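> Requesting a structural model of the entry that follows:
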Amino acid sequence: MHKKIILLSILSLFFMVGCQTNTLQKKTTKFSANGSDYSIQLPSHWQKDKKETAINKSAVVSSKDTKSNSGMYILTEKMGKLSEKELEKHAKGYLEDYYVLKGVKANRFVANGHSVINYTISAKYEEKNSLLDVYYVATENSVISLFFFSPIDNDRAYDKRKQNFDRSVESLNEKVTNEVTEESSNELDNRIQNKNFSLQVSTYEVKQVEDEKLLVIRYLTTNKDQEVLKPIDQWKRYMKVYQGEKELTRQENKELSDNTLDYLSQNSFKNIEKEEAVEAAVIYSLDKNNEEDVTIQFDDTEFKNKEPLTLTLN
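Down below sits the predicted model:
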């Protein structure tokens, strides 16, 4: 009997170890940003999400759990390597605008030589109350932010997921290449550029806010000049938005229920330095009864013969 108990204990130990070693996928997920190549092992049973259904369409990686109502995405920001103190200040600067951090303790650890700040906060995921684990990682060329959403079920299930989130972040590797990848084509339908800047429309969506129908257009601005610039200044100068023959009115200080879109809308007014790229968003009011497509017309003086960009609403 005593031998059986020992044998069962050993088998249980092996089973537990086996479970722990299989918590991450063997195959790494790879992405590149700001002169570095990255790889990360996501938790087991997570699958890459389509861009159309991704939580955040600006994400370099988006994935969902097939075993629970959990999802994640990864964002990158071009930035030199930050100290732990600078990283925490940077993280709070974003999070405090959208989440309640009062009483939330920051967890700190090191992953492959990179400082990591982690917060666990209350959030919404697919319109349900959830827990959000946010990790900010200071790498050589970027700040990598990882957002893991997890259902509120029971402490034991969450603790297991949290351990997997931690292990996934710890697996993040960076290889500095100092090569910033660009589109192979110099001329894209959704981009304008000159010696001073580049502006590219990335995606768009229609939002219903109370009794208003709004069009949110996301765009990426890169500053090529020595002088700082605001993305919104380039947008206002070189872009006009029409629905049919009617020019649409741009909305300022419009609050949206989507925290990410609110953040991107504020980015339009952010000063960006040379070689810095920032994603931002602009908001336009739509006629609720008009189903015509929207067109973005580019300034014909600076960008001659540039064809309008059509945004299909249906």
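> Residues touching stretch 253-262, excluding its own?
For stretch 253-262, contacts defined as Cβ atoms under 8 Å, 6 or more residues apart in numbering pick out 56, 58, 97-99, 207, 209, 214, 216, 218, 265, 281, 283. Heads up, the C-betas are built off the backbone N, CA and C, glycines and all.
> Need the distance between the two termini of it.
9 Å (Cα to Cα, to the nearest Å).
> can you offset everything so residue one is 16?
That works, and once the first residue is 16, the last one we named lands at stretch 268-277.
> residues of it that come out buried?
Lys269, Leu271, Asp273, Asn274, Thr275, Leu276, Asp277 (16 or more other Cβ atoms under 10 Å).
> which residues of the stretch 166-315 of the chain fall in strands?
Using DSSP state E, counting those that start in this stretch, the strands of the stretch 166-315 of the chain run over 188-191, 206-208, 212-224, 227-238, 254-258, 261-262, 265-266, 292-301, 309-313.
> List the neighbouring strands of the fourth one plus their orientation.
Neighbouring strands of strand 227-238 in its sheet, by DSSP bridges, are strand 212-224 (antiparallel), strand 292-301 (antiparallel).
> where does the stretch 216-329 of the chain have low pLDDT?
Confidence mapping of the stretch 216-329 of the chain against pLDDT under 70 gives the ranges 329.
> again, only using 80
217, 268-278, 290, 292, 329 (pLDDT under 80).
> still on that earlier bit, out of the strands paired with strand 227-238, indicate the one that is most buried.
With neighbours defined as mean count of other Cβ atoms under 10 Å, the strands paired with strand 227-238 peak in mean count at strand 292-301, which reaches a mean of 21.
> Touching it from outside, list them.
Taking Cβ under 8 Å, 6+ apart as the rule, strand 292-301 contacts 73, 93, 217, 221, 227-238, 246-247, 250, 256, 258, 263-266, 269, 271, 276, 279-280, 282-283, 285, 287, 309, 328.
> buried subset of those?
Buried among the contacts of strand 292-301 (16+ other Cβ under 10 Å): 73, 93, 217, 228-238, 246-247, 250, 256, 258, 263, 265-266, 269, 271, 276, 279-280, 282-283, 287, 309, 328.
> now the helices: where do they sit in this structure?
Secondary structure of the chain, counting by DSSP state H: helices at 17-36, 99-110, 170-185, 246-253, 274-282.
> What is the neighbour count of the closest residue to Asn286 other than its chain neighbours?
Nearest residue to Asn286, sequence neighbours excluded (Cβ to Cβ, 6 or more residues apart in numbering): Val243, at 4.5 Å. The tally of other residues near Val243 (other Cβ atoms under 10 Å) stands at 12.
> For Val243, give its distance to Ile232.
Distance of Val243 to Ile232, computed by Cβ to Cβ, to the nearest Å: 23 Å.
> cool, Pro246 as well?
12 Å.
> again with Gln40
In terms of Cβ to Cβ, Gln40 sits 35 Å off from Ile232.
> Equivalent analysis for Ser165, please.
In this view, Ser165 and Ile232 are 31 Å apart by Cβ to Cβ.
> can you check Lys117 too?
Lys117 sits at a distance of 34 Å from Ile232 (criterion: Cβ to Cβ).
> what does Ser157 give?
Distance, Ser157 to Ile232, using Cβ to Cβ: 25 Å.
> Number of residues surrounding the closest residue to Lys93 other than its chain neighbours?
Once flanking residues are discounted, Lys93 sits nearest to Asn49: 4.2 Å by Cβ to Cβ, 6+ apart. For Asn49, the neighbour count with other Cβ under 10 Å is 23.
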